[in-house]
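A.B. asks: Predicted structure and sequence below. I'll ask about it afterward.
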Amino acid sequence: MSDTSPIIVWFRRDFRLSDHPALHAAAQTGRPVIPVFILDELYASLGAAPKFRMGLAIEHFAKTLDDKGSKLILRRSDKALDALQQLVRETGAGSVFWTRQYDPAAVTRDTEVKDVLKEEGVDARSFGGHLMFEPWTVETKTGGYYKVYTPFWNTVKGRGVDAPLSAPSKLEQPAEWPESDDLESWGMAAAMARGADVVRPFVQLGEGAAQSRLGAFLAHKVADYGKTRDLPGVDGTSNLSENLALGEISPHQCWHAGQRALEEGKAGAETFLKELVWREFAYHLMHHTPRILDANWREDWAQFPWNEDERRAEVKAWKQGRTGIRFVDAALREMYVSGRMHNRGRMIVASYLTKHLMCHWRIGQKWFEECLIDWDPASNAMGWQWSAGSGPDATPYFRVFNPVTQLDKFDKDRDYVSRWIAEEYANPHKDALAYFDAIPQRWNMAADDDYPEPIVTAEDGRKAALAAYENRDF
């Protein structure tokens, strides 16, 4: 292999220049660097909102590389391996570097890529960067994996986290650039239809925006984060979930910034650090127990009599934000308009579907996969199973969130509800009205419709859920 051969850096969910170990290693060699993104079957099959958001990330990152005197080469192929082999032949690249992903499908893909490329004499290397702690490096005293969050946190909180790497000052260009697909031809926003124009203003796109978000959060909001993070009507969170999901910022950068805030005496910083580790815990579990993605993590819950018919009227009402339960409906409408949902809303929405409506958590998990621009496979799966009671560190079966009293507690002045629900207000908020522009026209809904009565009241739903749990035969 020639020391001057190009290095292909294969980008996936890591659209940034700073703190990018694979890119940093490639740039340090002084060899030409060819950044590549491949739309393979894993990304082509993404839900509407995540695919739309990824398309925006790709477009923005391509412009960032242009400004650095480099390019992002786009290729579409059912198998990433085929595209990489073709690029190696075209460019004479001697190496392919990438950032690890951890979901089972990505692991299978990447393992094959590494094995085949190495057999063909290509230096194929994977790097960390998407997580602070590789899942296999965190073990209990007996050598197993953690099944409960608090001991996991206690183990990693004192660990050293690598300092963020600076962005390369220069990326050497190859003698000739390979051809690139036209991003527009991929139709990344097609499934969003008219909803794309509604969601787009809520997107904070790219590495610069992510860093600005982090800075603003730590300067103005982190001190009170322990309290405000639970108030959906208050802008009290970092809002970094969409940027972390696509690697526009690294968890290392967030962690070190949070540590500085903690040292400065900002009380909510520790809670912020714990949330970063909650994300790590989700990946830890996905690595060790991949069944968390598509089956009950607590295997004895396989016998629980979930309703699994997605065509039921109650499920349709839930998806449409027409349950008659204001907290649930407001949260779902927030998701359709902004592409994201407040964390407290996610808990209430999930609890209502799985406990009040007794529907399988997979129905909700799949709907979030379709609708969230900050969709993350590990966090989404763990969140749904946590709410349903079937997952690790889950809410006890007898804890059924009351969505009415929860609203009184966390949205006393109805700031959240009034922002996202239009039907009950003479002068609805613009975001509440935007919901009717975002949803499919076939839903046939309008702002002047009557607001519905509850399909299942908070009290009736709780009674039915407790009865089902108490009569379970496991």
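C.D. replies: Good, I have the coordinates.
A.B. asks: Can you measure across stretch 171-184, start residue to end residue?
C.D. replies: 26 Å (Cα to Cα, to the nearest Å).
A.B. asks: now that stretch: mean pLDDT?
C.D. replies: Averaging pLDDT along stretch 171-184 gives 97.
A.B. asks: quick one: buried residues of that stretch?
C.D. replies: For stretch 171-184, burial by neighbour count (16 or more other Cβ atoms under 10 Å) applies to 171-172, 174, 178, 183. In this view, the C-beta of every residue, glycine as well, is placed from N, C-alpha and C.
A.B. asks: Over to stretch 266-279?
C.D. replies: So stretch 266-279, judged by 16+ other Cβ under 10 Å, has buried residues 266, 268-270, 272-279.
A.B. asks: and those residues as JSON lines, adding distance to A216?
C.D. replies: Formatted as JSON lines, those follow (distance: Cβ to Cβ, whole Å):
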{"residue": "K266", "distance to A216": "14"}
{"residue": "G268", "distance to A216": "14"}
{"residue": "A269", "distance to A216": "15"}
{"residue": "E270", "distance to A216": "19"}
{"residue": "F272", "distance to A216": "13"}
{"residue": "L273", "distance to A216": "18"}
{"residue": "K274", "distance to A216": "20"}
{"residue": "E275", "distance to A216": "17"}
{"residue": "L276", "distance to A216": "17"}
{"residue": "V277", "distance to A216": "22"}
{"residue": "W278", "distance to A216": "22"}
{"residue": "R279", "distance to A216": "20"}
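A.B. asks: Looking at those, spot the one nearest R194.
C.D. replies: Nearest to R194 among those, counting by Cβ to Cβ, is R279 at 32.0 Å.
A.B. asks: give me every residue that touches the closest one.
C.D. replies: R279 is in contact with 244, 251, 376, 378-379, counting by Cβ atoms under 8 Å, 6 or more residues apart in numbering.
A.B. asks: 10 Å instead, please
C.D. replies: By Cβ atoms under 10 Å, 6 or more residues apart in numbering, R279 lies in contact with 131-132, 241, 244-245, 251, 254, 376, 378-379, 382.
A.B. asks: just P21 next, same as before
C.D. replies: 14, 97, 99-100, 125-129, 162, 165, 250, 252.
A.B. asks: quick revisit: could you point out the member of the contacts of R279 that lies closest to D224?
C.D. replies: Nearest member of those to D224, counting by Cβ to Cβ, is C254, at 18.0 Å.
A.B. asks: burial of the closest one, as a residue count?
C.D. replies: 26 (other Cβ atoms under 10 Å).
A.B. asks: With T108 instead?
C.D. replies: Residues lying near T108 (other Cβ under 10 Å) number 11.
A.B. asks: Return the residues in contact with it.
C.D. replies: L42.
A.B. asks: Neighbour count for the contacts of P21 - can I get that in JSON lines?
C.D. replies: Shown next, in JSON lines, are these (neighbours: other Cβ atoms under 10 Å):
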{"residue": "D14", "neighbour count": "24"}
{"residue": "F97", "neighbour count": "22"}
{"residue": "T99", "neighbour count": "24"}
{"residue": "R100", "neighbour count": "19"}
{"residue": "R125", "neighbour count": "17"}
{"residue": "S126", "neighbour count": "18"}
{"residue": "F127", "neighbour count": "18"}
{"residue": "G128", "neighbour count": "16"}
{"residue": "G129", "neighbour count": "24"}
{"residue": "D162", "neighbour count": "14"}
{"residue": "L165", "neighbour count": "20"}
{"residue": "S250", "neighbour count": "28"}
{"residue": "H252", "neighbour count": "21"}
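A.B. asks: Restricted to strands, list those.
C.D. replies: 97, 99, 125-127 (DSSP state E).
A.B. asks: Would you point out the most distant pair within the residues you listed?
C.D. replies: T99 and R125, at 10.5 Å, using Cβ to Cβ across those.
A.B. asks: overlap in contacts of the two?
C.D. replies: Joint contacts of T99 and R125 (Cβ under 10 Å, 6+ apart) are 21-22.
A.B. asks: ok, which stretches of the stretch 51-200 of the chain are helices?
C.D. replies: 80-91, 104-119, 149-156, 195-199 (DSSP state H, counting those that start in this stretch).
A.B. asks: mind putting those in JSON lines, distance to C371 and mean pLDDT included?
C.D. replies: What follows is the helices of the stretch 51-200 of the chain, written out as JSON lines (distance: least, Cβ to Cβ, whole Å; pLDDT from 0 to 100):
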{"stretch": "helix 80-91", "distance to C371": "26", "mean pLDDT": "98"}
{"stretch": "helix 104-119", "distance to C371": "20", "mean pLDDT": "98"}
{"stretch": "helix 149-156", "distance to C371": "26", "mean pLDDT": "96"}
{"stretch": "helix 195-199", "distance to C371": "9", "mean pLDDT": "97"}
